[in-house]
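# My questions concern the predicted model and sequence given below.
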Amino acid sequence: MRLPGWAWLALSSLLISPLAGATRPRYGGTLAVDFSTSWTTLDPPDQPNDVTARGKREALLPLIAETLVRLNAKGEAEPLLAVTWQRDADRKRWRFSLRPKVAFHDGEPMHAANVAPPLLAALKKRYGDVSVTAGGQTIVVQSDHAMPDLLTELSRPRSAIFRKSDKNPLIGTGPFRVAAWEPGRRLTLAAFEDYWGGRPFVDSVAINMGIARASGDVFDIPAGPARHILPERTRIWASAPQDLIALLAVNTSPTVQQGLSLSIDRGPIVTVLAQRKGEAAFGLLPQWLSGHAFLFTTTPDVARAKAIIGQQRLTPLTLSYSSTDTFARAVADRIALNARDAGIVIQPTQTANANLRLLRLPLESTDAVAELVRFAAVLGVPERANQLNASKPETLYEAERALLEDHRMIPILYLPEVYGIAPRVHNWDAAQKNGTPVLHLENVWVSP
């Protein structure tokens, strides 16, 4: 946690060496952030259709609107706006004690009565019959059904605590407040002087959206050939793999799915198309999250693919991809090229009604069990995740293997979040918690 401004001034009087004076943080200045994508809403529950834009927005939302808890690298819940919590044995009733002396950006103190409405609205979308009861600084969440994943749900940006007004689209409790909002173009944040965790170092953050050039103090570097030319002395930072690019079979035979899986050569996709910014995916979860992704590694085998398909009379297949994702188009073309070598004809298309779909699936938490449950739901087979037990790693492997065995979802590659950092930006490593792409810009300071 950072010190308040007056404490830094007191501390700085003790640091008289030239070296310390050159490296200690400073307050003030504006941090310019450029994103290659854009979005038109700040409302946490309303998610952009563009998955890439959704990820960038969710990396910024915690700066404005905070959640009751957050997850660490192990997927364990840590206090944020809630300092303690208890639950019953059935996990149907949860009691949260709120952090004292927290204020919203408009000066209103945070208490259970103004936390309950946004929390109830968010949780109803996930649990349906849930209720939220407010009392002083205490919130009780209750349902007729067990909510074993409630802490994970509460950590997601869509469960943030916020308010709105006619003049402000998002009023939260975070280290920055919304100073100006031009949907799809620009978001300006100002340091919240009364933030419970201490004032941010920079005075403001100017976020420009839909920017092709790399000219900001911080800018995203998408997968693919975009932004080859970077400013001099730019430092590159990459998160752990966050997005899974995968092929989902919608209307094809298991035999074709297996043959297609054997025909795909992930090497050129990673080295050429992703410019070595990603890594080949053979499982649903990356190695850092599951610990067993290497067990699913295979090599392309076109000869075997041809043998499996045999003398079947194949009709041309269609493969859909997002019209807003240029990288997905390049991957779709490469998959079609590989499939042709095995005798499978695939036509990439932007239409929704296709035999195959190329998906970008961002991780939503650092909880491997929760992620596998989500993948099982995407595949329409939630029962395959019923035996998951976080205390028994073998159940994670077995569940993931069961989801992969029919080749209905074929993992292609994992992509990290990659950013360029200008030399005037300091303390960026502290801005990243556990290697995740959440932008903790409250920890960053800039040179004049």
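Right, received. Where do you want to start? These numbers come from a predicted model, not from an experiment. Residues are numbered from 1 along each chain as shown.
# contacts, neighbours, all on C-alpha from now
Noted.
# What's the local residue count around residue 255?
Neighbours of residue 255 under the rule other Cα atoms under 10 Å: 16.
# Grab the nearest non-local neighbour of it.
In space, and not counting its chain neighbours, residue 255 is closest to residue 309: 6.3 Å by Cα to Cα, 6 or more residues apart in numbering.
# Identify the residues contacting that neighbour.
255-256, 259 (Cα atoms under 8 Å, 6 or more residues apart in numbering).
# again, but for residue 238
416-419.
# Using ChimeraX, make a named selection holding only the buried ones among those residues.
Remark: buried members of the contacts of residue 238, expressed as a ChimeraX selection using 16 or more other Cα atoms under 10 Å:
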select :416,417,418,419
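# Throw the contacts of residue 238 into CSV and include distance to residue 187, thanks.
Shown next, in CSV, are these (distance: Cα to Cα, whole Å):
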residue, distance to residue 187
416, 24
417, 20
418, 21
419, 18
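# and the gap between residue 427 and residue 72?
20 Å (Cα to Cα, to the nearest Å).
# Repeat that for residue 60.
According to Cα to Cα, residue 60 and residue 72 sit 17 Å apart.
# between those two, who's got more neighbours?
When residue 60 and residue 72 are compared for neighbours, residue 60 comes out ahead with 18 against 15, by other Cα under 10 Å.
# The more buried one looks like it's in a helix, true?
Yes - counting by DSSP: H, G, I helix; E, B strand; the rest coil, residue 60 falls inside a helix.
# So for it, what's the pLDDT?
Among the per-residue scores, residue 60 holds a pLDDT of 92.
# do the same with residue 367
Reported pLDDT for residue 367: 82.
# Ok, the one 3 residues further on next?
Residue 370 is assigned a predicted lDDT (pLDDT) of 85.
# Surely it touches residue 148?
No - contact status for residue 370 versus residue 148: not in contact, 10.0 Å apart, counting by Cα atoms under 8 Å.
# Of those two, give the one with the bigger neighbour count.
residue 370 (21 against 13).
# Quick check: closest non-adjacent residue to the more buried one.
Nearest one to residue 370, counting by Cα to Cα, 6+ apart, is residue 149 at 7.4 Å.
# Against residue 365, how distant is the one you found?
Residue 149 is 11 Å from residue 365, by Cα to Cα.
# you'd agree residue 236 is in a helix?
No - using three-state DSSP, the secondary structure at residue 236 is strand, not a helix.
# The closest residue to it other than its chain neighbours in helix, strand or coil?
Leaving out its chain neighbours, the residue that sits closest to residue 236 by Cα to Cα, 6+ apart is residue 420, at 4.8 Å. Assigned state for residue 420: strand (three-state reduction, three-state DSSP).
# same check, this time on residue 117
helix.
# What number of residues are in the vicinity of it?
16.
# Tell me how many other residues surround residue 108.
By other Cα under 10 Å, the residues close to residue 108 number 11.
# Repeat that for residue 164.
Around residue 164 there are 11 residues (other Cα under 10 Å).
# so how far is residue 441 from the residue lying closest to it once chain neighbours are set aside?
The shortest distance from residue 164 to any non-neighbouring residue, by Cα to Cα, 6+ apart, is to residue 170 (5.1 Å). Using Cα to Cα, residue 170 is found at 18 Å from residue 441.
# likewise residue 429?
10 Å.
# Surely residue 306 is in a helix?
Yes - under three-state DSSP, residue 306 sits within a helix.
# Just give me the neighbour total for the closest residue to it other than its chain neighbours.
Leaving out its chain neighbours, the residue that sits closest to residue 306 by Cα to Cα, 6+ apart is residue 342, at 5.3 Å. When counting by other Cα under 10 Å, one arrives at 22 neighbours for residue 342.
# looking at this, residue 391 is in a strand?
No - counting by three-state DSSP, residue 391 is not part of a strand but coil.
# ok so, going back, angles on the backbone of the residue nearest to residue 306, please.
In terms of degrees, to the nearest 10, the main-chain angles of residue 342 are phi -100, psi 0.
# What of residue 207?
Main-chain torsions, residue 207, degrees, to the nearest 10: phi -110, psi 110.
# before we move on, what about residue 197?
Torsion angles, degrees, to the nearest 10, at residue 197: phi -90, psi 0.
# who's in contact with the residue most central in space within the chain?
With distances taken as Cα atoms, centre = their mean, the residue of the chain nearest its centroid is residue 55 (4.9 Å). Applying Cα under 8 Å, 6+ apart, one finds that residue 55 lies in contact with residue 362.
# list the buried ones in the strand or helix carrying it?
According to DSSP states H and E, residue 55 maps onto helix 51-60. For helix 51-60, the buried set under the neighbour-count rule, 16+ other Cα under 10 Å, comprises 51-60.
# now stretch 131-151
131-134, 137-143, 147, 150-151.
# Identify the farthest-apart pair in those residues.
Maximum pairwise distance among the buried residues of stretch 131-151 (Cα to Cα): 22.0 Å, between 137 and 147.
# Low-confidence bits of the protein, can you list those?
Residue ranges of the chain with pLDDT under 70: 1-23, 225-228, 430-437.
# can you name the farthest residue from the center of it?
residue 311 (43.6 Å).
# would residue 332 count as being in a strand?
No - using three-state DSSP, the assignment for residue 332 is helix, not a strand.
# State whether it and residue 356 are indeed in contact, as I suppose.
No - when contacts are counted by Cα under 8 Å, residue 332 is not listed as touching residue 356 (10.0 Å).
# helix/strand/coil for residue 369?
On the basis of three-state DSSP, residue 369 is classed as helix.
# which stretches of the chain form helices?
Under the criterion DSSP state H, helices of the chain are mapped to 5-12, 18-23, 51-60, 112-127, 150-155, 254-263, 266-268, 287-290, 302-309, 326-341, 368-378, 393-404, 428-431.
# So which residues make contact with the fourth one?
What it means is helix 112-127. Residues contacting helix 112-127 (Cα under 8 Å, 6+ apart): 45, 98, 130-139, 143, 147, 158-163.
# and that helix, which residues are buried?
Buried, per 16+ other Cα under 10 Å, within helix 112-127: 112, 114-123, 127.
# Next, report how far that helix is displaced from the centre of its chain.
22 Å (Cα atoms, centre = their mean, to the nearest Å).
# quick one, domains of this structure?
28-64+174-239+417-448, 66-161, 243-415 (automatic domain parsing).
# Between the two ends of the longest one, what distance do you get?
According to Cα to Cα, domain 243-415 extends 5 Å from its N-terminal end residue to its C-terminal end residue.
# Kindly state the beta-bridge partners for the residue nearest to residue 236.
residue 219, residue 236 (DSSP bridges).
# Thanks again, I'm all set now.
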